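> the following block contains a protein sequence and its predicted model.
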Amino acid sequence: MKLAVSGGGTGGHFFPALAVLQEAEREGLETLYVGAERGIEKKFRDLIPSESVFLKVAPLRGVPFKSKISSSIGFLKGFLKLRSLLEEDFRSLIFGGYVSVPLSIATLSRGKPLFLHEQNSVPGATNRSFFRFARKVFITFEYTRKYFRGENVLKTGLPVRRELLETKIEKEEAKRKLGFDPSLPLILFMGGSQGARFINGLGAEFSKKTPFQTLILSGEREYKEVREAVGGERVKVFPFRKDMGIVYSAVDVAVVRAGSSTLTELSLFKVPALMIPYPFAAGDHQYYNAKEIEELGGGFVLRQEEAELERVIRLVEKILSSRDEMGKNIGRFANPKASRIVLEEVLE
């Protein structure tokens, strides 16, 4: 039996899919990954531990009519290609995003089992469309039960790649590796894999007005601008870091957006957070993601329009004063065994 996995377009869909593929590889399972030519997954194709196919598909929603026509043709071609590739016994696991549509249709047309994983609190359009046809649905946030109900809905948490899970390093050593003083608090500002202009600007101003050590992961597009805007000797700016296990081990508080991957990773390393959800996220899902962490006592949520510098500073100081307790609280959110649980449920 072959396991087909699809999810991409953004890191939020791709990396959890990759985590399950890695788990399947360790079990010696035959797998196929389905991604998009235009998605972030093509850039990271060397990480994919299995046979892979990249389809020429593009979003259907929010595009001009002419683009909808070409996108529809791309979906049809992708569906036909997958039907020819998946002729034997198989089952499919999708993580959402437009790239998951051809595999979902190909799976159902063959009468094979379809499974879904929803990363965010508010489901995306693809998972909503195929929910009723899924044998099981895996969720990350309790809030998702508002949309997906039934005995086949299981809260598993978000799959995370093993190389991150296996990072074990003391906080003082991690700070030294990053070039910071191990005796002083370190605050992380991070807007996600592509960076975030608002978070970057906030981090730059924070570095000028506080005595705290500051680490800003700016994304590549704004790296130079942010690097020139920061102040003081206790701040470092990187476009990104591959060694995120060391980063999470080192930081005391994170000021972040509220994507599911970010919150899960902070939880695994017990890093409390000040969360400023992206205000234009579909269905305002980042806000509801963040509220679940806040309700656990693992951080605070601020709407972007409320996030003035002085208020941010006060809340960071408040988190630092209760860092150990809030770290334990956010640590209750993630499930480090999520990849294993999802795979076992799919293969059951």
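That came in fine, so what should we check first? Numbering: from 1, shown residues only.
> drop to CA atoms for contacts and neighbour counts, all remaining ones
Noted.
> which other helices and strands does the strand or helix carrying residue 290 contact?
Applying DSSP states H and E as the criterion places residue 290 in helix 285-296. Helices and strands touching helix 285-296, by 3 or more C-alpha pairs under 8 Å, 6 or more residues apart in numbering; DSSP states H and E, are helix 260-268, strand 299-301, helix 323-330.
> so for it, mean pLDDT?
Confidence for helix 285-296, expressed as mean pLDDT, is 98.
> let's see it as CSV, backbone CA atoms only.
Output in CSV follows, covering the C-alpha atoms of helix 285-296 (Å, rounded to 0.1, in the frame of the first residue of the first chain):
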residue,chain,number,x,y,z
HIS,A,285,-7.7,32.2,12.2
GLN,A,286,-4.5,33.5,13.7
TYR,A,287,-6.5,35.4,16.4
TYR,A,288,-8.4,32.2,17.4
ASN,A,289,-5.1,30.3,17.3
ALA,A,290,-3.6,32.8,19.7
LYS,A,291,-6.7,32.8,22.0
GLU,A,292,-6.3,29.1,22.7
ILE,A,293,-2.7,29.7,23.9
GLU,A,294,-3.8,32.7,26.0
GLU,A,295,-6.6,30.6,27.6
LEU,A,296,-4.0,28.0,28.6
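> and that helix, how far from the chain's centre?
Centroid separation for helix 285-296 versus its chain: 14 Å, with C-alpha atoms, centre = their mean, to the nearest Å.
> got a list of what residue 174 touches?
Residue 174 makes contact with 246, 247, 249, 250 under the criterion C-alpha atoms under 8 Å, 6 or more residues apart in numbering.
> low-confidence ranges in the stretch 151-300 of the chain?
Flagging of the stretch 151-300 of the chain using pLDDT under 70 yields the residue ranges 192-195.
> by neighbour count, which of the contacts of residue 174 wins?
In terms of neighbour count, residue 250 stands highest of the contacts of residue 174 at 27 neighbours, by other C-alpha atoms under 10 Å.
> nearest residue to the residue most central in space within the chain other than its sequence neighbours?
For the chain, the residue nearest the mean C-alpha position is residue 261 (2.6 Å; C-alpha atoms, centre = their mean). Spatial nearest neighbour of residue 261, excluding adjacent residues (C-alpha to C-alpha, 6 or more residues apart in numbering): residue 12 at 6.2 Å.
> just residue 79 next, same as before
residue 102 (4.6 Å).
> if you count contacts, what does the one helix or strand that neighbour maps to end up packed against?
Residue 102 is part of helix 100-109, with elements assigned from DSSP H and E. Contact partners of helix 100-109 among helices and strands, from 3+ C-alpha pairs under 8 Å, 6+ apart: strand 30-36, helix 65-85, strand 90-94, strand 114-118, helix 125-130.
> among those, which is the most enclosed?
strand 114-118 (a mean of 27; mean count of other C-alpha atoms under 10 Å).
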